[in-house]
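S.K.: Output the structure for:
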Amino acid sequence: MNRSKYICITSLGSSPDSQVDFQSLQAQYFLIFDEKGELEEAILNSHLKSGESPHLAVQELADKEVGVFITSSVDNNTFSVLSSAKIKIFSAPSNLTAKQAFAFWHGDKISLLMAPNQTGNLEGGRGKGMGRGFGGGLGERSFRSNPQKRR
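M.R.: Below you'll find the model as predicted:
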């Protein structure tokens, strides 16, 4: 069977009239459409547990023969995992419904992503930065002297 036969759109609900979910592999639902735009299946994302590998969600989509993945933002990890599964990634505005996103894709109105369109991920948490905000900084002192600060 042709891997690009099915199109997955991330969604906030189980209906084609639900809004596109911007969270890509952490979306509430994956809506699977056929090439004609008919909803084949609405999958409640069971891989939302924190710390769970995105590979599990992608494997589930690959098992469903998804060849196109439509969402609004994709971070480095998501892009890497979907690309390694040979799933093409398209970015749609998050204010669209899943049905509208399919129509945009079908009409070539959204573009294929060649790289992630979001840095980091959407999950909160501590960053990997080393600083704690105690740097003195240069501020304006490096550009001109402060006339009030005379010794």
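S.K.: In terms of secondary structure, what does the helix or strand of the chain with the lowest mean pLDDT contact?
M.R.: Within the chain, judged by mean pLDDT, DSSP states H and E, the helix or strand with the poorest mean is helix 54-63; its value is a mean of 90. Counting contacts by 3 or more Cβ pairs under 8 Å, 6 or more residues apart in numbering; DSSP states H and E, the secondary-structure elements packed against helix 54-63 are strand 29-33, helix 76-84. Just so you know, the C-beta spots here come from the backbone N, C-alpha and C atoms, and that holds for glycine as well.
S.K.: Other residues contacting it?
M.R.: 3, 8, 25, 30, 43, 45, 47, 69, 77-78, 81-82, 85, 87 (Cβ atoms under 8 Å, 6 or more residues apart in numbering).
S.K.: residues contacting the nearest residue to residue 116 once chain neighbours are set aside?
M.R.: Nearest residue to residue 116, sequence neighbours excluded (Cβ to Cβ, 6 or more residues apart in numbering): residue 79, at 4.3 Å. When the contact criterion is Cβ under 8 Å, 6+ apart, the partners of residue 79 are 89, 113, 115, 116.
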